[in-house]
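> below is the structure, and that's it, no one-letter string:
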Ligand code: AHG
Ligand code: MN
Ligand code: MN
Ligand code: MN
């Protein structure tokens, strides 16, 4: 991997003209996310030392027990974006409804909405396993000068102007795309600066890793069961060896590994959850955007994720994402089992 000395700040300034809507506002927005991520990273890093591990005793709109870090990360990202008067609205996995931001002089004159999963894989925080933050950015569709409306948030993923994630891992990285490929930046914690460490990331067309919670096997549709068997199969004639199973249980971490090494991530529907678990707006759309920008593919098992027209904020969707040939094979087996 080519290493450069370019910082994220320099990269953003250098690429400003290539944004679809060049106003500098999107650059400032990504800058704000970078800042909030540093603050959250600081808290995640010392999670074992301070009283930030564990649950708050509340249930979120998803029906999940909120962790202290879910709430902390949610507040930090929202507060940073509000303080900078940079977006007109925010929707989050942790909030029942979207937030309207009035902006400068209460004029509702900002153009972008942010949708986010402030802390992804939060069940892993107590055991010191990598977690992440996922964000997705759209240009509002309602006119500037009035409060945002639900339709600003319920846009299909193919309308995203930018998306990305932060992985709080052995190193902290920010990986994002504005629709011109995917670039990854690693945080140097000593000086608080992100450097371009992974320019123009491309996911291998074919991989050897499959990532799925096989504990739910008996509840999976037949097509998924067939694909799992295929992953495990040894086929000397075609030179196929069994794939490696890797599942962390943090979408960001599982996606990041597969992006670099090649692989497929699957969270299918099951007899217990008809649309699977992952959220279309906060998890699947941004990851699908990144996957496609890196040359990969993302599907609900039958159709492109980015073409789904959302009908509600917290909508869930089955998710098949990663190396193009692997996703296509899984889709084929899903269709055959119908
Ligand atoms: P979150 O922590 O934001 O609620 O997301 C959890 C998600 C995702 O990160 C992960 O891939 C998936 O839940 C794991 O679910 P299972 O434990 O059912 O495999
Ligand atoms: Mn959650
Ligand atoms: Mn998540
Ligand atoms: Mn989350």
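Great, that's in hand. Keep in mind that what you see is a predicted model, and the values were worked out from it rather than measured. Ligands and ions are numbered 1, 2, ... in the order given.

> quick one: contacts for the closest residue to ligand 3 within the chain?
Taking C-beta to the ion, ligand 3 has its nearest neighbour within the chain at residue 120, 3.5 Å off. The C-beta positions use only the backbone N, C-alpha and C, and glycine is treated the same way. Neighbour list for residue 120: 131, 132, 133, 134, 165, 250, 251, 252, 283 [criterion: C-beta atoms under 8 Å, 6 or more residues apart in numbering].

> just to be sure, the second one is in a strand?
Spelled out, that is residue 132. Yes. Under DSSP: H, G, I helix; E, B strand; the rest coil, residue 132 sits within a strand.

> from residue 144, how far out is it?
Separation of residue 132 from residue 144 (C-beta to C-beta, to the nearest Å): 32 Å.

> between the two, point out the one with more neighbours.
residue 132 (30 against 12; other C-beta atoms under 10 Å).

> tell me which stretches of the stretch 1-150 of the chain form strands.
Remark: strands assigned in the stretch 1-150 of the chain by DSSP state E, counting those that start in this stretch are 55-59, 65-67, 89-92, 99-100, 112-120, 131-139.

> just the ones you listed: most buried one?
Mean neighbours per residue, mean count of other C-beta atoms under 10 Å, is largest over the strands of the stretch 1-150 of the chain for strand 112-120, with a mean of 27.

> and that strand with strand 131-139, angle?
Angle of strand 112-120 versus strand 131-139, following axes from the mean of the first three to the mean of the last three C-alpha atoms, to 10 degrees, is 170 degrees.

> that older thread, mind putting the contacts of residue 120 into CSV with pLDDT and distance to ligand 4?
Below are these laid out as CSV (pLDDT from 0 to 100; distance: C-beta to the ion, whole Å):
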residue, pLDDT, distance to ligand 4
131, 96, 8
132, 97, 9
133, 98, 8
134, 98, 8
165, 98, 11
250, 97, 9
251, 98, 9
252, 98, 10
283, 98, 8
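
> for the nearest residue to residue 38 once chain neighbours are set aside, grab phi and psi.
Distances taken as C-beta to C-beta, 6 or more residues apart in numbering place residue 192 nearest to residue 38, at 6.0 Å, with adjacent residues excluded. Backbone torsions for residue 192, taken as degrees, to the nearest 10, come to phi 70, psi 30.

> is it true that residue 192 touches residue 37?
No. Counting by C-beta atoms under 8 Å, residue 192 stays clear of residue 37, with 10.8 Å between them.

> give me the more crowded residue out of these two.
residue 37 (28 against 11).

> for that one, give its distance to residue 102.
Between residue 37 and residue 102 the distance is 25 Å, computed by C-beta to C-beta.

> which of the residues in stretch 60-70 are buried?
Residues of stretch 60-70 classed as buried by neighbour count (16 or more other C-beta atoms under 10 Å): 60, 64, 66, 67, 68, 69, 70.

> any idea how far it is from the chain center?
Computed by C-alpha atoms, centre = their mean, to the nearest Å, the chain-centroid distance of stretch 60-70 equals 17 Å.

> just stretch 109-116 next, same as before
Distance of stretch 109-116 from the chain centroid (C-alpha atoms, centre = their mean) equals 17 Å.

> who in the stretch 1-150 of the chain is up against ligand 4?
Residues of the stretch 1-150 of the chain lying near ligand 4 by C-beta under 5 Å from the ion: 93, 117, 119, 120.

> up against ligand 1, what does the protein have?
For the chain, the residues in contact with ligand 1 (C-beta under 6 Å from any ligand atom) are 64, 93, 117, 120, 121, 122, 213, 249, 250, 251, 277.

> how about these, which pair is most distant?
Farthest apart among those by C-beta to C-beta are 93 and 213. That separation is 18.6 Å.

> what about these two, which has more around it?
A count of neighbours by other C-beta under 10 Å puts residue 93 above the other of residue 93 and residue 213, at 24 against 14.
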